[in-house]
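> Prediction below, plus the sequence it came from.
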Amino acid sequence: MRLNRDYRFWLDAAFKVLIVAALLYILYQEIGGQERLSDLWEQLSYRLGESSKWWLLPAILLMPVNWWLESWKWQRLLRPFWPIKPWQAFKAVASGITLSLFTPNRIGDYGGRILAVPALHNWHAVVATMAGNVAQLLALFTGGLLGALYYLEVQGGLPRLLISSFWWVLFAGIGVTYLFYFNLHWLAVLLRTLPVPRKWLKPVLMIRSFTRRQLAEALLLAFARYSVYCLQYYLMIRFFGISAPLIGALSGIATIFLFQATVPLPPVAALLARGEAALLVWAPFSANELSILGATFGLFILNLAFPALLGVMFIVKINVLKSLGYDANAPESQRNGVSGSFPDRHVEPSSE
């Protein structure tokens with residue numbers, strides 16, 4: 001679509017102003033609008049003066065590790081389509097975090113990553129993000145279900161026979177899910193049988209480009225990131241004075257993350273839900289609600305608020321309309337965001 005140059009300039013500027021304003025409003029509501037904000041800051045100041053302050057430093061140092069792992073995962077998955085550079089991959093991830101703060105179930109993550117690639121590779125970015133999110137959900141549900149069952153057995157007092165039954169169902173469900181993940185081309189085969197124009201299926205059929213080795217690498221990075229996230233949460237609860245056995249604490253953390261993943265809310269709303277879940281999970285270990293909420297709130301600041309502020313700075317420097325394909329000087333094949341190389345025949349992904 002060709003747009004007048006002045007119109008494109010003002011439309012691009014309006015989009016950026018809207019994003020900046022929305023982010024600042026959301027963060028203000030979430031941080032400045034906390035009913036017990038003064039109590040939380042007082043608790044933070046108190047903890048910084050205690051010996052537990054040394055638990056906070058490694059949690060902060062793990063913040064860039066967390067998002068470096070996500071950037072590396074996305075870079076590896078995008079490589080079959082476009083060899084993106086590490087710094088550009090990080091900017092895409094940060095931009096995705098910014099937009100995901102406003103959308104249910106992190107849908108905005110896709111939009112943010114699209115903005116960081118040329119229009120020709122928009123759909124490639126979407127497919128790589130989708131595969132990476134599936135890998136992350138696999139890691140989250142695997143760790144979450146295992147942790148939740150352990151927590152329910154130890155803290156919930158469920159009968160061992162019932163827990164054993166859940167274990168069998170769990171292993172069966174996880175096994176089927178992993179089988180599907182490493183055979184994503186089955187989805188392409190299924191979609192090709194539907195009475196849908198092939199041009200509509202082209203973006204989805206890109207999943208055939210992933211080899212099992214690439215999917216395994218993405219899954220390994222997803223588990224590494226999940227481990228970092230859990231470790232950060234553990235460090236935060238120790239910083240806020242919540243003493244819990246390591247295994248018990250990790251199972252509680254996995255339970256909270258599992259609960260959050262099953263509730264389709266934007267991260268700012270999920271923070272409230274996670275706070276309520278945290279109060280229930282940590283009740284056997286601490287009666288200090290401020291410490292429990294402080295750990296949850298601190299993790300939000302480290303892993304979402306800071307990257308979102310970085311992301312909005314990257315978005316401001318992007319030519320948004322050009323990234324979406326509205327560039328009057330680009331050929332038509334590069335304005336629609338879909339490349340033309342899609343083989344008609346199905347190619348089995350190798351294990352290499």
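Perfect, thanks for sending it.

> Now the longest helix along the chain: average pLDDT?
Counting residues, the longest helix found in the chain (DSSP state H) is helix 122-154. Averaged across helix 122-154, pLDDT comes to 90.

> and after it, which helix or strand comes next?
helix 160-181 (DSSP states H and E).

> Tell me the buried residues in the longest helix of the chain?
122-136, 138-154 (16 or more other Cβ atoms under 10 Å). From N, CA and C alone the C-beta is placed, and that goes for glycine too.

> other SSEs contacting that helix?
helix 56-78, helix 108-114, helix 160-181, helix 198-205, helix 212-239, helix 246-261 (3 or more Cβ pairs under 8 Å, 6 or more residues apart in numbering; DSSP states H and E).

> Go again with 6 Å.
helix 56-78, helix 108-114, helix 160-181, helix 212-239, helix 246-261 (3 or more Cβ pairs under 6 Å, 6 or more residues apart in numbering; DSSP states H and E).

> For the ones you listed, please prepare TSV with the additional fields mean pLDDT.
Below are the helices and strands packed on helix 122-154 laid out as TSV (pLDDT from 0 to 100):
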stretch	mean pLDDT
helix 56-78	95
helix 108-114	91
helix 160-181	78
helix 212-239	96
helix 246-261	90
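
> Adding mean neighbour count and distance to F15, write those out as TSV.
TSV is the format used below for those (neighbours: other Cβ atoms under 10 Å; distance: least, Cβ to Cβ, whole Å):
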stretch	mean neighbour count	distance to F15
helix 56-78	19	23
helix 108-114	23	11
helix 160-181	12	35
helix 212-239	20	30
helix 246-261	21	29
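
> Let me have those helices in CSV, extended by distance to G298.
Shown next, in CSV, are the helices and strands packed on helix 122-154 (distance: least, Cβ to Cβ, whole Å):
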stretch, distance to G298
helix 56-78, 8
helix 108-114, 22
helix 160-181, 31
helix 212-239, 5
helix 246-261, 14
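
> What sits closest to G144 if chain neighbours are left out?
Excluding its sequence neighbours, the residue lying closest to G144 (Cβ to Cβ, 6 or more residues apart in numbering) is L258, at 2.9 Å.

> so that neighbour touches G147, yeah?
No: L258 is not in contact with G147 according to Cβ atoms under 6 Å; the separation is 7.2 Å.

> Next one, pLDDT for L205 please.
75.

> burial measure for it, as a count.
L205 sits with 20 neighbouring residues when counted by other Cβ atoms under 10 Å.

> what about the closest residue to it other than its chain neighbours, distance to V196?
Distances taken as Cβ to Cβ, 6+ apart place A188 nearest to L205, at 4.9 Å, with adjacent residues excluded. Distance, A188 to V196, by Cβ to Cβ, to the nearest Å: 12 Å.

> which one of the two has more residues nearby?
Ranked by neighbour count (other Cβ under 10 Å), A188 and V196 place A188 first, with 16 against 11.

> avg pLDDT for the helix or strand encompassing that one?
Using DSSP H and E, A188 maps to helix 185-192. The pLDDT scores in helix 185-192 average 76.

> now that helix against helix 160-181, angle please.
70 degrees (axes from the mean of the first three to the mean of the last three Cα atoms, to 10 degrees).

> now helix 185-192 against helix 198-205, angle please.
Using the same axes, to 10 degrees, helix 185-192 lies at 170 degrees relative to helix 198-205.

> Give me the buried positions along helix 185-192.
H185, A188.

> repeat for stretch 310-330
310-312, 314-315, 318, 320-327.

> Then stretch 20-28?
L23, I26, L27.
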